[in-house]
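Colleague: below is the sequence, then the predicted model.
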Amino acid sequence: MKEPNLVKDTCKEFSLTYRQLGEEIGYREKTLSKVASSGIISIAIKKAVEMYVENRHLKKQLDDLDYLKSTLKKFLS
């Protein structure tokens, strides 16, 4: 079974270009493009992308909780 391509998958999941992802995690577009095409990823880039993904998911959860809190306040008022 083919191993997932973390850079490609992350860009697809969040509708990002390699340049945009690179700006977020501190890498150049060219570097991420090479990683995406070769499938060979350094530990540092892998960790940076994983942390970015986790951060985005946690922000989404926080937004959802803030919305729930706001809705409950309106309902209870």
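Modeller: Received it, and whenever you're ready, just let me know what you need. Numbering: from 1, shown residues only.

Colleague: so what's the gap between stretch 36-49 and the chain middle?
Modeller: Computed by C-alpha atoms, centre = their mean, to the nearest Å, the chain-centroid distance of stretch 36-49 equals 13 Å.

Colleague: that one: end-to-end distance?
Modeller: From the first residue to the last, stretch 36-49 extends over 12 Å; the measure is C-alpha to C-alpha, to the nearest Å.

Colleague: who touches it?
Modeller: Counting by C-beta atoms under 8 Å, 6 or more residues apart in numbering, the neighbours of stretch 36-49 from elsewhere in the structure are 3, 5-8, 10-11, 18, 21, 25-27, 31-32, 35. For the C-beta atoms, the positions are set from N, CA and C on the backbone; glycine is no exception.

Colleague: and the residue nearest the centre of the chain?
Modeller: The structure's the chain has its C-alpha centroid closest to Val53; by C-alpha atoms, centre = their mean the separation is 3.1 Å.

Colleague: per-residue pLDDT, it?
Modeller: pLDDT recorded at Val53 is 97.

Colleague: flag whichever of the contacts of stretch 36-49 scores worst on pLDDT.
Modeller: On pLDDT alone, Glu3 ranks lowest of these, at 75.

Colleague: in the lengthiest helix in the chain, what counts as buried?
Modeller: Counting by DSSP state H, the longest helix found in the chain is helix 43-76. Of all the residues in helix 43-76, those buried under the rule 16 or more other C-beta atoms under 10 Å are 45, 48-49, 52.
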